[in-house]
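S.K.: got a predicted structure plus its sequence, pasted below:
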Amino acid sequence: MKMNPMMLIIIVIALFIASGSFFTVDQREKVIVFRLGEIVRTDLEPGLHFKFPFINNVKKFDGRLQTLDSRPERFLTSEKKNVIVDTFVKWKISNVDNFYRAVGGDPRQVDTRLNQFVKEGMRAAFSKQTIKELISVGRDKIRLGLVEDMNLLGKGLGIDITDVRIKRIDLPDEVSASVYKRMESERERVARDFRSRGKEAAERIKADADKQGEIILATAYKESQELRGKGDAQAAQTYASAYNKNKEFFAFYRSLDAYRKSMGSGNDLIVLEPTSDFFKYFKKQ
């Protein structure tokens, strides 16, 4: 069965009209529906939607977080020193109607305006900070201030500024050398101070060790003399006790000890009178 050509044309036109009557909205998109060039809807939820063909048209914009990565710029600090600052800004569309009316839906125009605003804000903020403050706590102050001020600008552009970050703060080459030299001198001064303290502590420890050594030696000598005195006293007491028990045997024993000590080597020469008491035990009784 052959289809009527007119019917075929009608079907094709109907399919064409149907294909142009439906569109989808992704959850990552912001959408504007126009009617003959006039904005009629901007609050479309993700999903499938209907529009009148030839009358309505749809424009879609990326609703995700966008990044403006600015080129490094030079700014003067309160010390009148140049620093090179590298920043980036995070933003996203909050009101697609205002976004389209303000910049025609062109993200590049947003980047241009934000970039200029960031430069002006950075220039004003850096002029009130020293390099030391910028490195320590100054960054956070500048970031918070810029986020707050830029959100006032962002409302007019239909966007939210979620963050402003300083990626890097560098010194120009002509300044870096002098700064590094000062840092080196400062570190050297700190090192000398630590070495001086260490030497002082070492001398103090050594002196204390010497003192303790002297005390220990003196205490040991005192104890040794006391023990020697006690030993001598005990020995004298023992000798006296033995002498009192048998005086003749004690005298004989002491004489034998004297003979051993004086004539033990064999090369001793003693000049004494034969009648001396030293030889009394050599005499016949």
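M.R.: Alright, I've got the coordinates. Numbers count the residues shown, from 1 in each chain.

S.K.: and the longest helix along the chain, what's its mean pLDDT?
M.R.: Across the chain, the longest stretch assigned as helix under DSSP state H is helix 173-245. Model confidence over helix 173-245 averages 85 on the pLDDT scale.

S.K.: could I get the average pLDDT for stretch 73-82?
M.R.: On average, stretch 73-82 scores 83.

S.K.: before we move on, the earlier item: now do the longest helix of the chain: distance to the chain's middle.
M.R.: Remark: helix 173-245 is offset 38 Å from the chain centroid, using C-alpha atoms, centre = their mean, to the nearest Å.

S.K.: and the helices in the stretch 1-150 of the chain?
M.R.: Using DSSP state H, counting those that start in this stretch, the helices found in the stretch 1-150 of the chain span residues 5-19, 96-103, 107-126, 131-133, 139-157.

S.K.: so what touches the helix or strand just after the last one?
M.R.: By that I understand helix 139-157. Using DSSP states H and E, the helix or strand that follows helix 139-157 towards the C-terminus is strand 159-170. Outside strand 159-170, the residues within contact range by C-beta atoms under 8 Å, 6 or more residues apart in numbering are 65, 72, 83-95, 99, 110, 114, 118, 134-135, 139, 142-143, 146-147, 150-151, 153-154, 176. Heads up, the C-betas are built off the backbone N, CA and C, glycines and all.

S.K.: rewinding a little: which of the helices of the stretch 1-150 of the chain sits closest to Lys181?
M.R.: When the helices of the stretch 1-150 of the chain are compared by C-beta to C-beta, helix 131-133 sits nearest Lys181, at 14.8 Å.

S.K.: that closest one: which residues count as buried?
M.R.: Neighbour-count burial for helix 131-133, counted by 16 or more other C-beta atoms under 10 Å, picks out Ile131, Glu133.

S.K.: with stretch 245-261 instead?
M.R.: The neighbour-count check on stretch 245-261 (16+ other C-beta under 10 Å) flags Phe250, Ser255 as buried.

S.K.: which other helices and strands contact the longest helix of the chain?
M.R.: Under the contact criterion of 3 or more C-beta pairs under 8 Å, 6 or more residues apart in numbering; DSSP states H and E, helix 173-245 touches helix 247-263.

S.K.: so how far is stretch 117-130 from its chain's centroid?
M.R.: That offset, for stretch 117-130, works out to 28 Å (C-alpha atoms, centre = their mean).

S.K.: ok, now which ones touch the closest residue in space to Gly156 that isn't next to it in sequence?
M.R.: In this structure, Gly156 finds its nearest non-sequential neighbour in Ala102, 6.2 Å apart by C-beta to C-beta, 6 or more residues apart in numbering. Ala102 makes contacts with Gly156, Leu157, Gly158, as judged by C-beta under 8 Å, 6+ apart.

S.K.: of those residues, which is the nearest to Arg182?
M.R.: Closest to Arg182, out of all of the contacts of Ala102 and judged by C-beta to C-beta, is Leu157, at 44.0 Å.

S.K.: residues contacting that closest one?
M.R.: By C-beta under 8 Å, 6+ apart, the contact list for Leu157 reads Asn98, Phe99, Ala102, Val103, Val110, Arg113.
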